[in-house]
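Asks: this is the structure alone, sequence omitted:
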């Protein structure tokens with residue numbers, strides 16, 4: 001098991017296996033990591049923006065209950081579409097999931113989410129944070145990237161305190177998600193993160209072209 005330190009996760013140059021890999025491949029590898037980080041930032045932004053726009057549109061026309069369907073159906077569809085377009089695994093993860101079948105973090109993701117909250121507690125803004133690292137899993141090297149998702153006011157009608165969630169929404173959540181843990185958030189809390197995983201063996205440009 002690779003031992004990681006969070007102090008090394010604040011730039012694309014700080015990664016667990018970086019020293020050995022850069023020694024082998026030189027500056028070109030560092031340039032590749034910078035390109036992967038830039039591409040990952042863009043994709044994470046796409047996912048968050050598209051989901052937010054879809055959520056606001058549905059809620060404005062169909063009411064807060066429609067948000068449940070957006071998170072259940074539309075969010076995975078958008079993430080899947082972006083994943084296929086780039087050849088990556090793009091998803092959302094959280095330590096407090098609504099559906100235990102979706103969004104459960106792996107060991108790395110759980111540690112990163114905890115670190116994001118620790119950094120926020122020291123005054124750092126979620127908008128300024130990200131995590132990136134090259135890891136070896138099962139003998140394969142991957143580039144991993146995570147971007148925090150802070151809770152927005154629009155999310156509170158489904159994820160807020162009991163007083164903030166309309167009764168019709170509470171009833172639907174109780175019916176459809178008996179194991180729901182994704183309530184009790186306040187605006188600004190860490191809701192989760194966009195998590196991206198790219199195989200290092202596939203050149204970035206090839207993934208973007210869908211080759």
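Replies: Thanks, I have it. It should be emphasised that the depicted structure is a prediction, and the values quoted were computed from it without experimental measurement.
Asks: hey, let's count contacts and neighbours off CA atoms from now on
Replies: Fine.
Asks: mind listing what's buried in stretch 94-109?
Replies: 94, 95, 96, 97, 98, 99, 103, 104, 105, 109 (16 or more other CA atoms under 10 Å).
Asks: ok, for the residue minimising distance to the centre of the chain, nearest residue in space, not its chain neighbours?
Replies: The residue lying closest to the centre of the chain (CA atoms, centre = their mean) is residue 194, at 1.1 Å. In space, residue 194 comes closest to residue 92 once its chain neighbours are excluded; the distance is 4.5 Å by CA to CA, 6 or more residues apart in numbering.
Asks: got phi/psi on that neighbour?
Replies: phi -110, psi 140 (degrees, to the nearest 10).
Asks: and it, how many neighbours does it have?
Replies: 24 (other CA atoms under 10 Å).
Asks: for it, give me its contacts.
Replies: 103, 192, 193, 194, 195 (CA atoms under 8 Å, 6 or more residues apart in numbering).
Asks: reformat those residues as a markdown table; add pLDDT.
Replies: Shown next, in a markdown table, are the contacts of residue 92 (pLDDT from 0 to 100):
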| residue | pLDDT |
| --- | --- |
| 103 | 93 |
| 192 | 97 |
| 193 | 98 |
| 194 | 97 |
| 195 | 98 |
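Asks: of the residues you listed, which belong to helices?
Replies: Per DSSP state H, helices hold no members of the contacts of residue 92.
Asks: pLDDT weak spots in this structure?
Replies: 1-26, 205-211 (pLDDT under 70).
Asks: switch to 80 and redo it
Replies: Applying pLDDT under 80 to the chain flags residues 1-27, 63-65, 67, 205-211.
Asks: in it, which helix has the most residues?
Replies: The chain, longest helix under DSSP H: helix 27-62.
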